[in-house]
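[1] Quick one, fold the following:
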Amino acid sequence: MPNKTQSSMARTAQSAAGSELNASKTDENLASHTLDSRLDSAFSTGSKPPAQNGYGEDSPKHTPNIAPAQNPASPLNATHTQANHSPTKQASSMSSKHALSDMSPFAKQCFEGKRFVITGASSGIGAHIALTLNALGAEILALGRDRHKLESKRAKALCKECFIPIVKDISDFCGLDKYTLNLAKEYGSFNGAVLSAGLQQTAPISSVLSVESARTIFDVNYFGNLQILKGLLDKRAKSAEGASFVWISSNASVKAQKGIANYSASKAAVVAATRSIALEIAPKYRINAISPGFVLTEMIEDWSKVYDSAYIESMESAYPLGIGRVEDISPLVCFLLSPASAWITGQNIVIDGGGSL
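    Alright, predicted model coming up:
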């Protein structure tokens, strides 16, 4: 028979175990509440959680070959159907849709009060990202080389007053960090940036222009964007705590292709720099790279002699989910800029429809 002292010890042990269990449950509830708060800020305006399909409960479900309902109040709607991946679609028709789809998982105005710099904002991926963030409430400083293209994008912006076109060629990168610092002094602190400006040239290693091509490509893809980033990270720029930066790389940085060694090297440099910079700026700021695969943009149309219909068809068959569109890239960028990705930094996320598998 256990004596009174043993019984008392047993009761004390049971009580301690119960306290630990309750404390564990409290920690779990606290963690769950914190996660729910992050998700609410990025995915909903109310208390509804995201539906299991990845879109808001009130959003149309993704049904193949059926376009989502359009919002007549917005001139920037973009549909997302399997048919849009057809190689017969022209880049110009794809890139003319610079808006948030009704199927977006992000709540309207979820970036209200935020300010971002976007390089390469006059066309392609950069333009769509700029217009998407603008539609979500952000103020955008849209940097690009072509004034006409920037103004045409501004005309499509949901909030034109919050879409500020700035003509700047970042290939002339000397002093670009100070230029960016002055932007911060003029417009106020930033909540991040998307470094999307990029240049591609085909130059085999045997080409007499190979080295010159490398310099030209690196001036934009690496050095120009790096200087913009340096300016925003300057203490005097007073970028907001928690600011997030996204640098656009390419799946060419991880998958070899003939004739683009210089381009691939510049994009690999982006990935390597992102990892190192992430360590330097944490925990105050975050930075990540994304590596898109073959995406239909205006550049594809400009290079029609290289990217002809036969080439696009061959690329279509090489991608398990088909070749990409600008609309496929913006949601990932928005996620990485949002509080929902607060524990992600220094990563390179490949987004290529399975093309690099």
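
[2] what's the helix or strand encompassing Ser152 packed up against?
    Ser152 belongs to helix 147-156 when assigned by DSSP states H and E. If contacts are counted by 3 or more Cβ pairs under 8 Å, 6 or more residues apart in numbering; DSSP states H and E, helix 147-156 sits against helix 124-135, strand 139-144, strand 163-167. Where C-beta positions appear, they are placed from N, C-alpha and C, glycine not excepted.

[3] Figure out which of the ones you listed is closest to Lys258.
    helix 124-135 (22.9 Å; Cβ to Cβ).

[4] Are there helices or strands packed against that closest one, and which ones?
    Counting contacts by 3+ Cβ pairs under 8 Å, 6+ apart, helix 124-135 packs against helix 91-95, strand 115-119, strand 139-144, helix 147-156, strand 163-167, strand 192-195, helix 330-337.

[5] if we can go back for a sec, if you average pLDDT over the helix holding Ser152, what comes out?
    Mean pLDDT, helix 147-156: 97.

[6] what does stretch 346-355 give?
    Across stretch 346-355, pLDDT averages out at 97.

[7] go on, stretch 120-140?
    97.

[8] again, but for stretch 249-267
    Averaging pLDDT along stretch 249-267 gives 94.

[9] Could you break the protein into its assigned domains?
    In the domain annotation for the chain, the residue ranges read 1-42, 89-351 (automatic domain parsing).

[10] among those domains, which is nearest Leu357?
    Taking Cβ to Cβ as the criterion, domain 89-351 is the member of the domains of the chain that comes nearest to Leu357, at 6.8 Å.

[11] My guess is Asn262 contacts Ser210. True?
    Yes - the pair Asn262 and Ser210 passes the contact test of Cβ atoms under 8 Å, sitting 7.0 Å apart.

[12] sorry, back to before: could you check the angle the helix holding Ser152 makes with helix 124-135?
    On the basis of axes from the mean of the first three to the mean of the last three Cα atoms, to 10 degrees, helix 147-156 is oriented at 40 degrees to helix 124-135.

[13] Reformat the helices and strands packed on helix 124-135 as JSON lines; add mean neighbour count.
    Shown next, in JSON lines, are these (neighbours: other Cβ atoms under 10 Å):
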{"stretch": "helix 91-95", "mean neighbour count": "18"}
{"stretch": "strand 115-119", "mean neighbour count": "27"}
{"stretch": "strand 139-144", "mean neighbour count": "26"}
{"stretch": "helix 147-156", "mean neighbour count": "17"}
{"stretch": "strand 163-167", "mean neighbour count": "20"}
{"stretch": "strand 192-195", "mean neighbour count": "28"}
{"stretch": "helix 330-337", "mean neighbour count": "23"}
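
[14] Those into CSV, with extra columns for distance to Gly175?
    Below are the helices and strands packed on helix 124-135 laid out as CSV (distance: least, Cβ to Cβ, whole Å):
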stretch, distance to Gly175
helix 91-95, 31
strand 115-119, 16
strand 139-144, 15
helix 147-156, 21
strand 163-167, 15
strand 192-195, 17
helix 330-337, 27
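
[15] who's in contact with Thr274?
    By Cβ atoms under 8 Å, 6 or more residues apart in numbering, the contact set of Thr274 is Trp247, Ser249, Ile287, Asn288, Ala289, Gly346, Gln347, Asn348.

[16] swap the cut-off to 7 Å and go again
    Thr274 is in contact with Trp247, Ile287, Asn288, Ala289, Gly346, Asn348, counting by Cβ atoms under 7 Å, 6 or more residues apart in numbering.

[17] Let's see which of these end up in strands.
    Trp247, Ile287, Asn288, Ala289, Asn348 (DSSP state E).

[18] Would you map the strands across the chain?
    For the chain, strands defined by DSSP E occupy the ranges 115-119, 139-144, 163-167, 192-195, 244-248, 286-292, 295-296, 324-325, 348-351.

[19] Worst mean pLDDT among the ones you listed?
    strand 295-296 (a mean of 91).

[20] Remind me what it packs against, helices and strands.
    strand 324-325 (3 or more Cβ pairs under 7 Å, 6 or more residues apart in numbering; DSSP states H and E).

[21] List the strands paired with the strand it packs on, with their directions.
    strand 295-296 (parallel) (DSSP bridges).
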